[in-house]
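K.L.:
Sequence first, then the predicted structure:
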Amino acid sequence: MTHIKDEIKILSVDLDGDIAYCKKNCSGLIKKWENWGRTKFKGVLSNKELQTLLKHYNLQTPQFLAFSPKLLLAMIEMPLKVEEYLQKIGCKSRNMIRKSEKNGFYFEEFDHDEFIPDMYEINTSKSHRGGKPMSQGYQERPNLIYLNHECYCNDHKIKFLGVFRDGKLYAYCQLEIVHELAVINRILGHGDFLTYGIMNHLIKGMVEYLTGTKVKAMNYLTLASNSNLADFKKRTGFEEYRTIFITNHNSIKQSSPFELFSNLGLRLYSRIKKVIQSSRNTSSNLNIKKNLFLLENLNVVLNELNQHVNFGLFDKILESPVEGKPYHFIKHDIHGRTDILLDLAIMEAKLGIKATYFVMLPCKMNQHYINDDKFYYILQEIQNLGHEVALHLDVLQLLFEYNDLLEPIKNFKAKLEKFDIKIRGANAHGNTFLVKKYGINPMVFFKEFKGFEVSETLSPILKTHLYKYSLEQLGIEFWADVIVWYQGKHILPEKYLTDNFGYLGVRKVTEETLHTGWEFELTGSKDKKIDQAFISRLIGSISRYKTLYLLHPQFFIK
């Protein structure tokens, strides 16, 4: 027979909410915390024990799936008003909160990706916590997470909450809200400022943030922690609760693992999947299978154009046509794939064409090859073929991760130089998620592009970097986006050929059209059909104009 102590508090929390309004990431969040409740606390009560528990407390058996962890959880039950919480926690914790506020600290929600340098400083501010060394995960710089709030409904969401002073983050929490339950997934304060009461302040801020919402309780694991942490939890209002989880997550449309990525991650996955599939299905005709171009078709296009234009590197950008042939310039932005690079470079070299290959600094997109020496030997060989290697800068990501551009660029250039790879140029990576989120052109952080329009609602973190850096300071001689910068001048190509939209398209470039979006005067077929008729139209469109090409190696197969 199961015996129940009356003094143990009991709480039921529904994880689902109104599933009719759930969005594609909600089911993953529900399932994550359901699994956590079932596995992390010495299993769950048996059905018999659960029924005894429900009967003892005169609770109606839920019609949904219900379970209860065997261990008691550390919970703060949400008060009607934050004053009730302050009264409950006692004078010592209240004094710590007042001390924090008196010293200029304040509570605020924040964007994870904008405060990576501050979080990294907090994570590494103490080598040990609770008598144990900090785990490896805290010693590494946090990555951008591209959190897309539109993928969650009002009942299910991930929030980053912190304690600040003068705009700088000193304590933070990743709080994951699952309808009636809020879970502290990660919480940490700067080691040099803990005595100011910033952690007490953070807990109080979170209670106030959740008060008046659908959340019934906030969890911070259990009180069976090390003595210092357990004491802190008790002082800040956490108590032991027998917790009943109620969930009917199976009624929610389940997202595939790939749907749980942000839009950026989903597009990236789709492209990689197409590459894998297409590599098994190369075609000998002009209709490209699986939405990738055949390299042999590009060879045909470039060979035809080579009869009408001069292909050059960007130090020719200011030069006039030679024998009536204008200069054309090819950019290759290297992202996820490297298997095609040498084939592409050799093909161009055989045609007498020189191109510029832009390589990204270490990031998630290239983590599978960026630390492999083989990649640098490929770049070295590309350079030996007469092409140029330049930098492809994800400017916004670098600023959020390092709060700086000089140091990461300097370090990566030094690594390239060890392989005798000379860097003269750069361009910007169009990080779709961040550029759309902040509505900003990545070039506005360089003095050479001062005057570009900047949003009035720009993030305070980014504002501190506006026009702060100089290309000359970075050792960059040319910048090659739709606008090219060289020898102190801004040069607009007359035409722009790109595969950025899944097909080849030609855009006319003027000061007016530069800011009006992508309106193409010529587009190829979306099924990648490149026939002689298209080649003839292409030659007619661009052969008499200074033209810039953007061709991504990952969109081509042999």
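P.N.:
Arrived safely.
K.L.:
mind listing what the one helix or strand S12 maps to pairs with, with the direction of each?
P.N.:
Under the criterion of DSSP states H and E, S12 resides in strand 9-14. Strand pairing for strand 9-14, using DSSP bridges, gives strand 239-247 (parallel).
K.L.:
Report the mean confidence score over the strand it pairs with.
P.N.:
In this model, strand 239-247 has an average pLDDT of 93.
K.L.:
Stretch 537-557 too?
P.N.:
Here the average pLDDT along stretch 537-557 is 93.
K.L.:
What of stretch 124-133?
P.N.:
Per-residue scores along stretch 124-133 average to 91.
K.L.:
Pull out the buried residues from it.
P.N.:
Buried positions in stretch 124-133, judged by neighbour count with 16 or more other Cβ atoms under 10 Å: 125-126, 129. C-beta here means a position set from N, CA and C on the backbone, and glycine is covered the same way.
K.L.:
Same check on stretch 11-20?
P.N.:
Here stretch 11-20 shows 11-17, 19 as buried, counting by 16+ other Cβ under 10 Å.
K.L.:
ditto for stretch 547-558
P.N.:
Of the residues in stretch 547-558, those buried (16+ other Cβ under 10 Å) are 547-557.
K.L.:
Centre-most residue in the chain?
P.N.:
Y146 (3.3 Å; Cα atoms, centre = their mean).
K.L.:
what residues does stretch 72-92 touch?
P.N.:
The contact list for stretch 72-92, computed with Cβ atoms under 8 Å, 6 or more residues apart in numbering, reads 8, 11, 41, 94, 97, 203-204, 207-208, 210-211, 213, 215-223, 233, 235-243.
K.L.:
Let me have the buried residues of stretch 11-20 in JSON lines, extended by pLDDT and distance to T464.
P.N.:
Formatted as JSON lines, the buried residues of stretch 11-20 follow (pLDDT from 0 to 100; distance: Cβ to Cβ, whole Å):
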{"residue": "L11", "pLDDT": "92", "distance to T464": "44"}
{"residue": "S12", "pLDDT": "91", "distance to T464": "47"}
{"residue": "V13", "pLDDT": "94", "distance to T464": "41"}
{"residue": "D14", "pLDDT": "92", "distance to T464": "43"}
{"residue": "L15", "pLDDT": "94", "distance to T464": "40"}
{"residue": "D16", "pLDDT": "91", "distance to T464": "42"}
{"residue": "G17", "pLDDT": "87", "distance to T464": "39"}
{"residue": "I19", "pLDDT": "82", "distance to T464": "43"}
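K.L.:
can you tell me which two in the residues you listed are farthest apart?
P.N.:
L11 and I19 (21.6 Å; Cβ to Cβ).
K.L.:
Worst mean pLDDT across the helices and strands of the chain, which element?
P.N.:
Across the helices and strands of the chain, mean confidence by mean pLDDT, DSSP states H and E is lowest for helix 263-278: a mean of 39.
K.L.:
And the helix or strand that contains G162, what's buried?
P.N.:
Applying DSSP H and E as the criterion places G162 in strand 156-165. By neighbour count on 16+ other Cβ under 10 Å, the buried set for strand 156-165 is 156-164.
K.L.:
Check stretch 382-402 too.
P.N.:
382-383, 387-402.
K.L.:
circling back: just the ones in strands from the buried residues of stretch 124-133, please.
P.N.:
Applying DSSP state E to the buried residues of stretch 124-133, the entries found in strands are R129.
K.L.:
Relative to F110, which of the buried residues of stretch 124-133 is nearest.
P.N.:
S125 (17.8 Å).
K.L.:
what residues are up against the closest one?
P.N.:
Taking Cβ under 8 Å, 6+ apart, one finds 190-192 in contact with S125.
K.L.:
Out of those residues, the closest to K350 would be?
P.N.:
Relative to K350, and with distances defined as Cβ to Cβ, the nearest of the contacts of S125 is H190, at 58.1 Å.
K.L.:
Please report how far that closest one lies from R424.
P.N.:
Computed as Cβ to Cβ, to the nearest Å, the H190 to R424 distance reads 41 Å.
K.L.:
Which residue of the two possesses the greater neighbour count?
P.N.:
H190 (22 against 16; other Cβ atoms under 10 Å).
K.L.:
isn't that one right next to R165, touching?
P.N.:
No - under the criterion of Cβ atoms under 8 Å, H190 makes no contact with R165, lying 10.1 Å away.
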